[in-house]
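give me the fold of what follows.
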Amino acid sequence: MRLLATIAVKHLLARKRQSLVSLLGIVLGVAFFLTISSLMQGSEKGFIRRLIDNMPHIFVTDTYRNPRLQPVERLYNSKGAIEVRSVKPVTETRGIRGYEQVVDYLRTLPGVEASPMLTGQGVLSFAGKNIAVALDGMIPEDIQDVVTIQEYMISGSISDLIANPNGIVLGEELLRTFSLERGDNVTVTAPTGQVRTAKILGVFRTGRSDFDLNHGFVSLKSMQVLMNRPHRANTIIVKLPDPYRAREIAADLESRFSYKSISWQEASEDIMSTLAIRNIIMYSVVSSVLIVAAFGIYNVISTVVMEKHRDIAILKSMGFLARDIQRIFVIQGFILGIIGSLLGLPLGSTLMYTLMQIEFKPPGSTEPIVMPLDWGWMQFAIASGFALGAALIAAFLPARKGARVQPVDILRGGV
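The predicted structure follows:
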């Protein structure tokens, strides 16, 4: 094998300019492949991380995924011609029955955090202005472990609801509309007709204007009074140590308690599908750079095969087998691929580091952001592996042609 490698190196050095151009193509291809794929993967992971961190991993709701079977349907079990029409559910106080038991079960799972919530609509009124908002009734002591709203507080704290359960936490955009500040009072009217005056204990700003304008947080007890649902919660939010187990645990919860459990993957299926298509497009585009570079290797080795017909004939006459000749030219592609990867990875890392130093402000943003890049080893492995694979495939085709050369035809001048 050492002799074959020596011959392969001598062939490459015999055409230094062409070999250098092919090598440069691999180097640039690896560098751009690594940079672009790291940028795209970094942006995707950053988006998913924000998606995962800013929302619970699982929602347990007070609804059922499928309607309950009627007694007549259970009796005949679809064996008869049965049609049930105009079924009206029994009027009841909506909510998750025994939500405390569900929460207690979830907290027995290692690392799992859970908290009940009662969500509903309300109308905030001040100085003749009325704005409908979504209200989340929560347990202030627990909610900080499950959602990240505390990170967006610019004044006050969610914990202030512990000392004053009749208070409310609102978004900065809503307060600006009402010309209110922290410490002022606002009137809250529920669909049940209940009216309460709540003191503004905290202000948050998430950067999403619709959320900051149309959302508010109150204590669970206050929400139960407003909605006239004592001892009720209609949502349980769950945070997991491993977010990617959300679908599995949600299915277990639904089978155990029957209430519809929605994982963050299910709630964001359209986004995940878009990201998958985006990855296919991205890898197709950046791979074309290395494919173009592979044509350079193909061209160099094809030229060497054509020029070295007599050398191939002599080697075969000396006892070299066809597979040995093929290996010589494959080794040439392997050498170009390895050296191209070894030089392309540092160049790509330099480009990545340079991109990370660039700061820019998107329209409407108050703080600069930097390019999100993924420095995981997988990106480096994919870039070098694809480059090496492209180089070997490009070398294999002319190598196979060289291995088929017949020494008798060459030495007699038949070719």
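
which stretches of the stretch 201-350 of the chain form helices?
209-213, 220-226, 246-257, 264-267, 269-307, 309-317, 322-356 (DSSP state H, counting those that start in this stretch).

tell me the buried residues in stretch 373-381?
L373, D374, Q379, F380 (16 or more other Cβ atoms under 10 Å). Where C-beta positions appear, they are placed from N, C-alpha and C, glycine not excepted.

okay, that stretch in PDB with CA atoms only?
The C-alpha coordinates for stretch 373-381 follow below in PDB (Å, rounded to 0.1, in the frame of the first residue of the first chain):
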ATOM      1  CA  LEU A 373     -23.800  29.600  14.600                       C
ATOM      2  CA  ASP A 374     -23.600  26.000  15.600                       C
ATOM      3  CA  TRP A 375     -20.100  24.900  16.600                       C
ATOM      4  CA  GLY A 376     -21.100  21.300  17.200                       C
ATOM      5  CA  TRP A 377     -18.800  18.600  16.000                       C
ATOM      6  CA  MET A 378     -21.500  17.200  13.800                       C
ATOM      7  CA  GLN A 379     -21.200  20.200  11.400                       C
ATOM      8  CA  PHE A 380     -17.400  19.600  11.000                       C
ATOM      9  CA  ALA A 381     -18.000  15.900  10.500                       C
END
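
quick one: it to chain centroid distance?
Its chain's average C-alpha position is 15 Å from that of stretch 373-381, according to Cα atoms, centre = their mean, to the nearest Å.

wasn't R65 part of a helix?
No: R65 is assigned coil when assessed by DSSP: H, G, I helix; E, B strand; the rest coil, not a helix.

please report the distance of R400 from A293.
From R400 across to A293, the span is 21 Å (Cβ to Cβ, to the nearest Å).

what do you get for N279?
Counting by Cβ to Cβ - N279 and A293 are separated by 22 Å.

find me the pLDDT at the closest residue to F32 other than its chain neighbours, would you?
Take F32 and drop its neighbours on the chain: the residue closest to it by Cβ to Cβ, 6 or more residues apart in numbering is V289, 5.3 Å away. Note on V289: pLDDT of 72.

what about V289, neighbour count?
For V289, the count of nearby residues is 20 (other Cβ atoms under 10 Å).

can you check I162 too?
Quick note: I162 (other Cβ under 10 Å) scores 14 neighbours.

now do the contacts for it.
P140, E141 (Cβ atoms under 8 Å, 6 or more residues apart in numbering).

got it, and L39?
M352, L355, M371, P372, L373.

and it, that one's in a helix?
Yes: L39 sits within a helix when classified using three-state DSSP.

can you give me the strands for this protein?
In the chain, the strands defined using DSSP state E lie at 58-61, 113-126, 129-138, 153-155, 168-171, 185-189, 195-204, 215-219, 235-239, 261-263, 359-360, 369-370.

winner for burial among those strands?
strand 168-171 (a mean of 26; mean count of other Cβ atoms under 10 Å).

that one pairs with which strands, parallel or anti?
Within its sheet, strand 168-171 is paired with strand 195-204 (parallel), strand 215-219 (antiparallel), according to DSSP bridges.

which residues touch that strand?
124, 133, 149, 153, 156, 158, 160-161, 186, 188, 198-206, 211-218.

before we move on, the earlier item: N279 and A293 - which one has more neighbours?
Set N279 next to A293 and count neighbours by other Cβ under 10 Å: A293 wins out with 30 against 14.

quick one, what contacts the more buried one?
Counting by Cβ under 8 Å, 6+ apart, the residues that A293 touches are S22, G25, I26, L28, G29, G340, A387, A390.

please verify my assumption that the fifth one contacts V289.
In this case it means G29. Yes: using Cβ atoms under 8 Å, G29 makes contact with V289 at a distance of 4.5 Å.

and the helices of the stretch 201-350 of the chain as a markdown table, adding distance to L118?
A markdown table is the format used below for the helices of the stretch 201-350 of the chain (distance: least, Cβ to Cβ, whole Å):
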| stretch | distance to L118 |
| --- | --- |
| helix 209-213 | 19 |
| helix 220-226 | 4 |
| helix 246-257 | 17 |
| helix 264-267 | 20 |
| helix 269-307 | 27 |
| helix 309-317 | 82 |
| helix 322-356 | 44 |
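
right, and those helices - which one's nearest H57?
Distance to H57, taken as Cβ to Cβ, is lowest for helix 246-257 among those, at 4.3 Å.

that closest one: how far from the chain's middle?
Counting by Cα atoms, centre = their mean, helix 246-257 comes out at 22 Å from the chain centroid.

circling back: out of the buried residues of stretch 373-381, which sit inside helices?
Taking DSSP state H, the ones among the buried residues of stretch 373-381 that sit in helices are Q379, F380.

just the buried residues of stretch 373-381 now: which is nearest G319?
For these, the nearest to G319 is F380 (41.7 Å; Cβ to Cβ).
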